[in-house]
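K.L.:
Here is the input, now give the coordinates:
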Amino acid sequence: MKKITIKDIARIANVSHTTVSRALNNKSRINSETKVRILSIANELNYRPNFIARGLVMKRTKTLGLVITTIANPFYNELAQGIEATASGLGYNIIFCSTHSDLSAEKQYIEMLRSKGVDGIIFSSAHMDDPNIVALAEEAFPIVLVNRRTYHPLVKEKVDYVGVDNILGGFLAIEHLIRLGHRRIGVIGGSSESSVGLERLEGGKKALEAYHLEQSDDYFLGGDFLKESGYQGGKRFLKMAEPPTAIFTTNDYMALGAYQAISENGVRIPEEMALVGFNDIEFSAMRGIELTTIGQKKYEMGAIAVKILVERIEGKEVEPSKEIILEPELIIRKTCGFHLRGYQLEGLKKRNDFTLVGHQPQ
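P.N.:
Numbering: from 1, shown residues only. Sure, this is the predicted structure:
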């Protein structure tokens with residue numbers, strides 16, 4: 001079936017293709033009756049505009065790329081909701097890509113997105129040393145990083161970043177367990193290329209330092225932010241001669257895996273093993289799980305990232321580069337118990353101490 005073009009509509013309406021373009025784009029300097037007739041013909045012919053061609057003329061396609069690591073992690077679904085809704089409200093469409101933490105796949109997606117004429121790209125897939133991000137920063141192509149960041153100095157100077165204070169979040173998680181009396185605390189970290197995992201681990205270690213607890217390497221296990229690594233980490237902890245009495249996983253999806261491993265071994269949560277996650281994804285509040293976790297405003301992070309990127313694309317006056325850091329929140333549910341009398345006042349006092357053991361605002 002032949003694709004209907006502006007020229008076809010112009011021929012039927014007996015007007016110039018410029019007049020048709022004005023009508024379709026709701027421009028002025030066109031008779032209202034002519035405009036109605038053109039729109040009616042376009043509708044009858046089921047006309048669909050060629051957005052790439054329009055973008056070449058307008059120098060903008062009103063399309064953004066969104067690059068994440070994996071759709072398997074529920075965190076990204078919730079983040080994407082804020083991105084998609086905000087982009088739609090601003091008149092932009094989203095092309096969604098998942099790299100599976102592969103830099104070569106990320107590079108291929110960047111090339112594909114640019115071939116489709118996207119106006120800018122939102123990255124939640126950045127590695128700490130990410131040559132693809134550095135290359136885009138050097139070119140000054142419009143991008144924004146959300147949740148994960150790259151530490152390259154050029155990127156920090158030129159690229160906007162929206163995230164949570166992961167160091168404080170990690171501190172709050174471990175502090176909560178210490179306040180409940182735990183001294184043997186196991187940690188399941190995130191992937192080694194992720195700034196998120198590194199920062200949350202750093203915060204947890206700062207809490208141990210602030211409360212003068214020994215940091216045993218045996219109680220720090222690697223993970224990849226997926227459920228299976230939490231499950232395997234939980235099993236490894238339970239096989240220890242002296243297992244931890246509490247576990248902090250640096251995201252909720254791994255916490256779900258750890259929860260499964262603990263339950264399968266007949267260990268009661270929280271009576272015999274406490275558990276804390278990070279992110280407050282939707283399942284963590286479900287009855288029967290009710291995971292204590294560190295909450296972050298995922299929808300808001302996504303919305304802010306889109307607004308900043310669109311400001312850049314549309315040439316609005318903004319700072320040379322923005323770094324917006326949202327504050328995490330300790331969300332207490334049932335996986336750690338409720339022995340918390342007087343906790344809040346003491347906790348606030350120790351958080352002041354936290355600033356004295358090396359934490360600098362992001």
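K.L.:
Can you tell me the closest non-neighbouring residue to the most centrally placed residue in the chain?
P.N.:
Geometric centre of the chain, nearest residue: residue 147, 4.4 Å, by Cα atoms, centre = their mean. If the residues on either side of it in the chain are set aside, residue 147 comes closest to residue 124, at 4.7 Å by Cβ to Cβ, 6 or more residues apart in numbering. Yep, even glycine has a C-beta here, placed from its N, CA and C like the rest.
K.L.:
list the contacts for that neighbour?
P.N.:
66, 67, 68, 69, 76, 79, 145, 146, 147, 148 (Cβ atoms under 8 Å, 6 or more residues apart in numbering).
K.L.:
What backbone torsions are found at the nearest residue to residue 326 once chain neighbours are set aside?
P.N.:
Using Cβ to Cβ, 6+ apart and skipping the chain neighbours, the partner closest in space to residue 326 is residue 164 (5.0 Å). Dihedral angles of residue 164 (phi, psi; degrees, to the nearest 10) stand at phi -110, psi 160.
K.L.:
What pLDDT is listed against residue 164?
P.N.:
pLDDT for residue 164: 97.
K.L.:
what's the answer for residue 186, then?
P.N.:
pLDDT, residue 186: 97.
K.L.:
Now do the SS call for it.
P.N.:
Three-state call for residue 186 (DSSP: H, G, I helix; E, B strand; the rest coil): strand.
K.L.:
Residue 96 too?
P.N.:
Quick answer, by three-state DSSP: residue 96 is strand.
K.L.:
Is it correct that it is in contact with residue 66?
P.N.:
Yes - between residue 96 and residue 66 there is a contact under Cβ atoms under 8 Å: 5.2 Å.
K.L.:
higher neighbour count, the two?
P.N.:
More crowded of residue 96 and residue 66, by other Cβ atoms under 10 Å: residue 66, with 27 against 14.
K.L.:
quick one on the thing from earlier: what is in contact with residue 96 and residue 66 at once?
P.N.:
residue 80.
K.L.:
give me the low-pLDDT residue ranges for the stretch 201-350 of the chain?
P.N.:
For the stretch 201-350 of the chain, residues meeting the criterion pLDDT under 70 lie at 318, 338-350.
K.L.:
just checking, the residue nearest to the centre of the chain touches residue 163?
P.N.:
Yes - in this structure, residue 147 is within contact of residue 163 by Cβ under 8 Å, at 5.5 Å.
K.L.:
So for these two, which residues contact both of them?
P.N.:
196, 301.
K.L.:
pLDDT wise, what is the residue nearest to residue 147 at?
P.N.:
The score at residue 124 is 96. That number is its pLDDT.
K.L.:
and if you look at the one 4 residues further on?
P.N.:
Residue 128 carries a pLDDT value of 91.
K.L.:
how far does stretch 123-133 sit from the chain's center?
P.N.:
Using Cα atoms, centre = their mean, to the nearest Å, the mean C-alpha position of stretch 123-133 is found 13 Å from that of the whole chain.
K.L.:
Oh, that last question was meant for stretch 279-298, not what I typed.
P.N.:
For stretch 279-298, the distance to the chain centre is 16 Å (Cα atoms, centre = their mean).
K.L.:
And stretch 129-144, end to end?
P.N.:
Stretch 129-144 stretches 16 Å from its first residue to its last (Cα to Cα, to the nearest Å).
K.L.:
Give me the buried positions along it.
P.N.:
130, 132, 133, 134, 136, 137, 141, 142, 143, 144 (16 or more other Cβ atoms under 10 Å).
K.L.:
isn't the third one right next to residue 122, touching?
P.N.:
Yep, that's residue 133 we're talking about. No - Residue 133 is beyond contact range of residue 122, at 11.8 Å (criterion: Cβ under 8 Å).
K.L.:
Show me whatever sits in contact with both of these two.
P.N.:
Joint contacts of residue 133 and residue 122 (Cβ under 8 Å, 6+ apart) are residue 143.
K.L.:
which one of the buried residues of stretch 129-144 sits closest to residue 268?
P.N.:
Nearest to residue 268 among these is residue 130, at 42.4 Å by Cβ to Cβ.
K.L.:
Tell me the spacing between the closest one and residue 252.
P.N.:
25 Å (Cβ to Cβ, to the nearest Å).
K.L.:
Could you do residue 80 as well?
P.N.:
From residue 80 to residue 252 the distance is 16 Å (Cβ to Cβ).
K.L.:
Between those two, which is the more surrounded one?
P.N.:
residue 252 (28 against 20).
K.L.:
Run a quick check on the more buried one versus residue 282, I expect a contact.
P.N.:
No - Residue 252 lies out of contact with residue 282 (Cβ under 8 Å); the separation is 9.3 Å.
K.L.:
Between these two, which contacts overlap?
P.N.:
Once Cβ under 8 Å, 6+ apart is applied, the residues that residue 252 and residue 282 both contact turn out to be residue 74.
K.L.:
any low-confidence regions in the stretch 51-200 of the chain?
P.N.:
Using pLDDT under 70, the stretch 51-200 of the chain drops low at 51-59.
K.L.:
where exactly do the helices run in it?
P.N.:
51-58, 74-89, 103-115, 131-139, 153-158, 166-179, 195-210 (DSSP state H, counting those that start in this stretch).
K.L.:
I'd like those laid out as a markdown table, including distance to residue 7.
P.N.:
Formatted as a markdown table, the helices of the stretch 51-200 of the chain follow (distance: least, Cβ to Cβ, whole Å):
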| stretch | distance to residue 7 |
| --- | --- |
| helix 51-58 | 12 |
| helix 74-89 | 30 |
| helix 103-115 | 26 |
| helix 131-139 | 36 |
| helix 153-158 | 43 |
| helix 166-179 | 55 |
| helix 195-210 | 51 |
